[in-house]
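>>> any chance you could fold what I've pasted below:
(chains A and B)
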Amino acid sequence: MTGQTSGQTHGQTAGQTRGQTASQTHGQTAGQTSGQTRGQTCLLIAVLLALTTAGCAWRSAATPPSNDLLIVGYDREPDTLNRFTTHILEDIQTCVVEGLTTTDEQMNVVPLLATDVPTSQNGGVRLRDDGGMDVTWKLRPGVTWHDGKPFTSADVKFTVEAINGPNYNPESTDGFDRISSVDTPDALTAIIHYKEIYAPYDIQFIRGTLPKHVLDGRDIDRAQDYNRAPLGTGPYRVADWKAGEYILLERVAHYWRGDQYPKIRRLMFKFIANTNTRINQLKSGEVHVVALVPWDKYREIAGLSSLAVHKTAGNAYEHVTLNERHFPPFGDVRVRRALTHALDRELLTKTILDGLAPVAHGPIQPVSWAYTDRITQYPFDPARARVLLDEAGWKVGPNEIRQRDGRPLAFTLITQAGFAIRENMAQAIERQLRDVGVDVTVQLHDGTAISAIWFEGRFDAMLHWWQMPSDPELTTFFAADRTPPAGRNINYYQDEALTRLLYASDRTVDREERKRLLHRAQQIVADAAPEIPLYSITRLDAVPSTLQHFKGNPTNTGIFWNVHEWEIK
Amino acid sequence: MRRSLQALPLLLVISTLVFLLIHAAPGGPLAIYLSNPNVRPEDIERLRHALGLDRPLWQQYWSWLAAFAQGDWGYSFSDGRPVAARIVERIPATLELVGTSIVVALALTLPAGVLAAVRRGRWFDRTTTAVAVAGISLPAFWFGLLLQIVFAIGFGWLPSSGRATLGGGDLIDHVHHLVLPVTVLAVVQAAAWSRYLRGSMIDTLAQPFVLAAHARGIPARAVILRHALRNAIGPVLAVVMVDAALLASGAVVTESVFAWPGLGSLFTEALARRDYTVLMALLMLTSTAIVLFNVVADAVHALVDPRIAAA
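Residues are numbered from 1 along each chain as shown, chains lettered A, B, ... in the order given. Coordinates of the predicted model:
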């Protein structure tokens, strides 16, 4: 498995051999043969020259983007195209399988295969006296699966039953497990009966539905025909999946929005896991689209006239989690506030992120309807930080590190290895906190290892981000009872009032009332500073400058949500 | 044959060690799910059970071993497809890349190694020494990216990565895609092998039988190629065979840099996703390949040097 490194060892051995035989030169032989070997040397040079010339003759196979073929450089090969099973982003799937709703470029939930998003106002949502709720979905008429069979409410019902059933292993059953039953009074109406009030009901079917006529009675986990080439209602179907190389999508003949859509005939997703290679392919024109360009690659491509790099305010925030169970000094609010004051976040974003991402002040980002900026903020103020740490009893010790009761204020900050921006950010944090007498040691772990470490709570502090759902639910991140394994409260922050507020917001369907509750929750979180928010993610998506109707998307729905409109001009 | 049989207990020990090692690495196949807030603890537990990861480790190992021994490699934890199918579909790409690289590397090694030995200390020797040292020390990923920047972005002559153009796939297109990754692999291998051959040749040229051949008036070219090289190549071939075994199971770094759809990139992906079944199968294949190629190397060595067979 280590083809490249083995060469090095052999090289050393060869060197030793040469050393041992150095005294046994045989000058005579070399002299006699020089005339004949000169000819061989010339031959070798001629071969190399010929190869180079041949290279000139074969012009690169880079094809410009066109309405016939658009090539996307994709960072990994999907595990499966079944949207309910996959655990990676669903960019490819959104072109094939459509949800009842989707999220638009403003992060609004908008109808797709439903005629409307059900609300209390339009009668689509009814709260029952027993504490449950009923959501009525009206399906768009005239929509057919790619095999020509009509898309109906029976498919919605089948999807719920398959996901809740014992024989299928979807990635998540969130929300579905609160559904008691589904009624289908007619082919275009599905009534979902929830056992309890569930606020994010509007994105319950954002991943689409499973076709009943294909999957009924089958082992879905092993239904490779569907999982590798799902039957959908979207503008494209899977034409080819070459393992390790690419997935090719081809437009369907009669898309329900009209035969003029989609405008681009074929989409190719090339799997290029290596970021440098992916960006190189973008620069050489071998791929035309790269989503989520790393910020440190922005300068390499910003000047290319063939490309347009779109910036979209994202729905994720980078922050430092402070695990107060593992490192008890974080349990003191003065310490947490001091650490937040001690970081010059404006400087960090300006230098490390090239000014591409704005400073964040809390877990809900400006792109969300639930966002408020009327919260406590912690400007860069090292003097204030020192005062707060003094007040908390952490006095400067002999080696400039603060201590209390003979113990230093020293902790480990873990973050993901091989992610240049995070590594730089972690080092800058270490430096800035050192200035106020806090000793930080940075530790790097690979992406998979780090997930296991935080899930077990075995760390002091962690630099990372959460990609937030489009629904602004905070419960899993901050409720007192949602520490792992029950959730993602890895600050291990405990606040009963906040917990009650968050659960109340999850059970509130009225938008304005829920907004009020979430504003209050954001204020409590800001005051308590259980973690240090750093910056709000900005998505960078590179597309051809000739591409029309690109809109972008701040959520995990991804940039392909309106791919049917895309057109090369 | 006897050596092949001796290899079986060795492979069994390797399988145990490898199994323990990959399970000791932090994070399992489910770790990747954790970063999605919609995946709840109930979901993790359900999936853990469905994949059999909630059983004691020795049970997991035993059921893997029992199935593996009967040729059932199980299903990938990542995409649910049969492991054997996932591996088989990657083999042609790796053979194409590695086979070409070995041929090119040998084509560079033979003249470079022989000439450097014959003209020891002269400009050719010094140049190839410098190039070889550079080749041995070049990190493959860096060299690969450099080639991409020069030949794909700069001159636009060659595709930067991948195996074929969509709808292409004719011979020219394949060769086109092979040039850069083969250059990386061949240069790195030839750098090491040519050093070996040079050392071996110098040893041989110092032997009395070479002097005797010269004294008999045999032309210098014939002495070098027919007498000396034949003797010198044996030990080098052994090294080549072992390297070939390692390469045949995937040139991990080069395949990753060039998005080459072979076993190496499958390994990288499986490692990142902790796809235990795929990892186990790939590592067992590698171990088996090394053992097999060692046996073959012995046979080849005996063929070129009859003294070995007699021993």
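
>>> ok, stretch A:265-275 near chain B or not?
Yes. With C-beta under 8 Å from any C-beta of the partner chain as the criterion, chain B is reached by stretch A:265-275 at A:268, A:270-274. Yep, even glycine has a C-beta here, placed from its N, CA and C like the rest.

>>> by mean pLDDT, flag the weakest helix or strand of chain A.
Least confident helix or strand of chain A, by mean pLDDT, DSSP states H and E, is helix A:3-21 with a mean of 31.

>>> swap in chain B?
Per-SSE averages on chain B (mean pLDDT, DSSP H and E): minimum helix B:306-310, a mean of 63.

>>> what parts of the stretch 401-550 of chain A come near chain B?
Contact residues, the stretch 401-550 of chain A versus chain B (C-beta under 8 Å from any C-beta): A:445-455, A:466-469, A:473, A:476-477, A:484-488.

>>> regarding chain A, what is its longest strand?
strand A:307-322 (DSSP state E).

>>> where's the most centrally placed residue in chain B, which helix or strand?
Nearest to the geometric centre of chain B sits residue B:247, at 1.0 Å (C-alpha atoms, centre = their mean). Here residue B:247, judged by DSSP states H and E, is contained in helix B:229-248.

>>> mind listing the helices for the stretch 301-450 of chain A?
A:333-342, A:345-351, A:382-391, A:420-434, A:447-455 (DSSP state H, counting those that start in this stretch).

>>> mean neighbour count, those helices: which tops it?
helix A:333-342 (a mean of 24; mean count of other C-beta atoms under 10 Å in any protein chain shown).

>>> now do that helix, average pLDDT.
Across helix A:333-342, pLDDT averages out at 97.

>>> contacts for it?
By C-beta atoms under 8 Å, 6 or more residues apart in numbering or on different chains, the surrounding residues in contact with helix A:333-342 are A:320, A:322, A:329-330, A:378-382, A:384-386, A:388-389, A:391-392, A:394, A:409, A:432-433, A:435-436, A:438, A:528-530, A:532.

>>> for stretch A:473-485, same thing?
A:199-200, A:325, A:363-364, A:454-457, A:466, A:487-496, A:498-499, A:502-503, A:505-506, A:518, A:521, A:525, A:530, B:37, B:40-41, B:44.

>>> let me see the contact set for the residue nearest to the centre of chain B.
Contacts of residue B:247 (C-beta under 8 Å, 6+ apart): A:3, B:98, B:101-102, B:185, B:189.

>>> among the residues of stretch A:265-275 next to chain B, which are in helices?
Among the residues of stretch A:265-275 next to chain B, the subset assigned to helices under DSSP state H is empty.

>>> in a markdown table: the residues you listed, plus pLDDT, neighbour count and distance to residue B:270.
Shown next, in a markdown table, are these (pLDDT from 0 to 100; neighbours: other C-beta atoms under 10 Å in any protein chain shown; distance: C-beta to C-beta, whole Å):
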| residue | pLDDT | neighbour count | distance to residue B:270 |
| --- | --- | --- | --- |
| A:268 | 96 | 22 | 24 |
| A:270 | 95 | 22 | 20 |
| A:271 | 94 | 22 | 14 |
| A:272 | 93 | 31 | 17 |
| A:273 | 88 | 19 | 12 |
| A:274 | 88 | 23 | 16 |
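
>>> ok, those vs chain B, which is closest?
Nearest to chain B among the residues of stretch A:265-275 next to chain B: residue A:272, at 4.5 Å, using C-beta to the nearest C-beta.

>>> for residue A:292, which of the helices of the stretch 301-450 of chain A is the nearest?
Across the helices of the stretch 301-450 of chain A, residue A:292 has its closest neighbour in helix A:420-434 (12.5 Å, C-beta to C-beta).

>>> and that closest one, how far out from the chain middle?
22 Å (C-alpha atoms, centre = their mean, to the nearest Å).

>>> show me what the mean pLDDT comes to for it.
94.

>>> can you list the neighbours in contact with that helix?
A:294-296, A:318, A:320, A:339, A:342-344, A:348, A:351-353, A:400, A:413, A:415-417, A:439-442, A:444, A:463-464, A:534.

>>> shaky segments in the stretch 51-200 of chain A?
The stretch 51-200 of chain A contains residues with pLDDT under 70 at A:51-61.

>>> what are the boundaries of the strands in it?
With DSSP state E, counting those that start in this stretch as the criterion, the stretch 51-200 of chain A has strands at A:69-74, A:101-103, A:109-111, A:125-127, A:133-138, A:179-186, A:189-194.

>>> before we move on, what about the stretch 351-500 of chain A?
Using DSSP E, counting those that start in this stretch, strands in the stretch 351-500 of chain A cover A:395-396, A:402-404, A:407-408, A:410-416, A:439-445, A:461-467.

>>> burial of residue 298, as a residue count?
You didn't pick a chain, so chain A it is. 17 (other C-beta atoms under 10 Å in any protein chain shown).

>>> the chain in question should be chain B.
Neighbour tally, residue B:298, other C-beta under 10 Å: 15.

>>> domain parsing for chain B?
B:2-69, B:91-310 (automatic domain parsing).

>>> and the last one, how far from the chain's centre?
Distance, stretch centre to chain centre, for domain B:91-310: 9 Å (C-alpha atoms, centre = their mean).

>>> kindly report the same for stretch A:384-402.
38 Å.

>>> contacts for that stretch?
So stretch A:384-402 is contacted by A:329, A:332, A:334-335, A:337-339, A:341-342, A:403-404, A:408-410, A:434, A:436-439 (C-beta under 8 Å, 6+ apart).
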